[in-house]
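>>> only geometry, no sequence info:
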């Protein structure tokens, strides 16, 4: 007869385990935290590249390393030998899924250095999909972008729209990643959730993105560099909603592509006004020509995410901006030194 305490242990389910790439990135760190708080075990891979200030990535990573169920490994996903070495350093892992959030982000810089985007977003994605195949990992969640919709006159973007007119190498690299995911589903039966994120913002966000740059400029009474006239519309989506969307996408879908958007698009001009009102300061706007790699408008049709994943955004744009401003002011002494905030 099995002793009672052993019988109880046998009935205790093993914690869910995930391999998550890009764990020190904005979306990756917040998704990792949500998984860890749910009791899951997470192995996080990140190469800690210099796409933007390392201090911000380190800040995020330090907070994840407070969890005993988190393990960090420095890995460049574009290099197969690093993936193999990292995998061999793990002790018989049984991952429920690979959550692939590592990417080279940034539409404009991809015009200057497209090779880096192909290496990470295409070759890196191929390496992770192949890891799923070889190691029999049944699920992959793939981060994509609203940028894949490219040039279109359709006001509300649904997942069934064609994606043949990317405006930047970044968008093209994301389309290629989606195509690879489809091929691995078709050939090997891999269960894949493709998530198209719409303008993600929030505390500890990317310093090259407009929200944190504008908060910095207005708070410090510095010139605010604006590309275009400010009438561009974005479906701003708060980071906690995005992380929860990734969590929801872990269910079995076969192959599914899902828009994750805030649901209430706002103009860039409105964003500047809200930030200025909350800070009680007048913005000093410097107008520059719009960039040809930028989309004029993004608005997500999120009906598929609602019906299949049970996901809807919870945080209104103004509330999300208030939280972002509060984080900036709390961490002001070191955050304002980040080079990308200063436009250097």
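Sure, I can see it. Everything quoted here is computed from the prediction, not taken from an experiment.
>>> going by C-alpha atoms from here, please, whenever you check contacts or count neighbours.
Will do.
>>> give me the phi and psi for residue 212.
Backbone dihedrals for residue 212, given as degrees, to the nearest 10, come out at phi -70, psi -40.
>>> and it, how many neighbours?
Neighbour count of residue 212, defined by other CA atoms under 10 Å: 24.
>>> excluding its backbone neighbours, what's nearest it?
Distances taken as CA to CA, 6 or more residues apart in numbering put residue 205 closest to residue 212, at 6.7 Å, once the chain neighbours are dropped.
>>> contacts for stretch 155-168 next, please.
Under the contact criterion CA atoms under 8 Å, 6 or more residues apart in numbering, stretch 155-168 has outside partners 107-108, 110-111, 147-151, 172, 175, 257-259, 292-295, 297-302.
>>> could you check how far it is from the centre of its chain?
Remark: stretch 155-168 is offset 19 Å from the chain centroid, using CA atoms, centre = their mean, to the nearest Å.
>>> output the longest helix belonging to the protein.
As far as residue count goes, and with DSSP state H defining each element, the longest helix of the chain is helix 169-188.
>>> which helices and strands sit right next to it?
Here helix 169-188 is seen to pack against helix 107-112, helix 114-117, helix 124-134, strand 139-145, strand 191-197 when contacts are counted using 3 or more CA pairs under 8 Å, 6 or more residues apart in numbering; DSSP states H and E.
>>> next, the angle from that helix to helix 124-134.
Here helix 169-188 runs at an angle of 20 degrees relative to helix 124-134 (axes from the mean of the first three to the mean of the last three CA atoms, to 10 degrees).
>>> what residues does residue 29 make contact with?
With CA under 8 Å, 6+ apart, residue 29 has these contacts: 22-23, 60-61, 64.
>>> tilt between the helix or strand hosting it and strand 191-197?
The secondary structure element spanning residue 29 is helix 26-37 (assigned by DSSP states H and E). Orientation note: helix 26-37 sits at an angle of 130 degrees relative to strand 191-197 (the same axes, to 10 degrees).
>>> list the buried ones in helix 26-37?
Of all the residues in helix 26-37, those buried under the rule 16 or more other CA atoms under 10 Å are 26-36.
>>> coming back round to it: return a PyMOL selection command for the buried portion of the contacts of stretch 155-168.
One line in PyMOL is enough to select the buried ones among the contacts of stretch 155-168; burial here means 16+ other CA under 10 Å:
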select buried, resi 107+108+110+111+147+148+149+150+151+172+175+257+258+259+293+294+295+297+298+299+300+301+302
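>>> hang on, the earlier thing: pull out the buried members of the contacts of residue 29.
Buried by 16+ other CA under 10 Å: 22-23, 60-61, 64, out of the contacts of residue 29.
>>> so how many other residues sit close to residue 334?
Counted by other CA under 10 Å, the residues lying close to residue 334 total 11.
>>> who touches the helix or strand containing it?
Assigned by DSSP H and E, residue 334 belongs to helix 332-335. By CA under 8 Å, 6+ apart, the surrounding residues in contact with helix 332-335 are 56, 328.
>>> what comes up buried for that helix?
Under the neighbour-count criterion of 16+ other CA under 10 Å, helix 332-335 has residue 335 buried.
>>> quick one: mean pLDDT over that helix.
Averaged across helix 332-335, the pLDDT comes to 90.
>>> and for stretch 157-172?
94.
>>> list the buried residues in it.
Within stretch 157-172, the residues that count as buried by 16+ other CA under 10 Å are 157-159, 163, 166-172.
>>> for the stretch 151-300 of the chain, which spans come out with low pLDDT?
Along the stretch 151-300 of the chain, no part satisfies pLDDT under 70.
>>> where do the helices of it begin and end?
Using DSSP state H, counting those that start in this stretch, the helices of the stretch 151-300 of the chain run over 169-188, 210-219, 239-248, 268-279.
>>> among those, which is nearest residue 131?
helix 169-188 (11.1 Å; CA to CA).
>>> strand 139-145 and that closest one, what's the angle between them?
Direction vectors for helix 169-188 and strand 139-145, defined by the same axes, to 10 degrees, enclose an angle of 160 degrees.
>>> how far is helix 169-188 from where the chain is centred?
17 Å.
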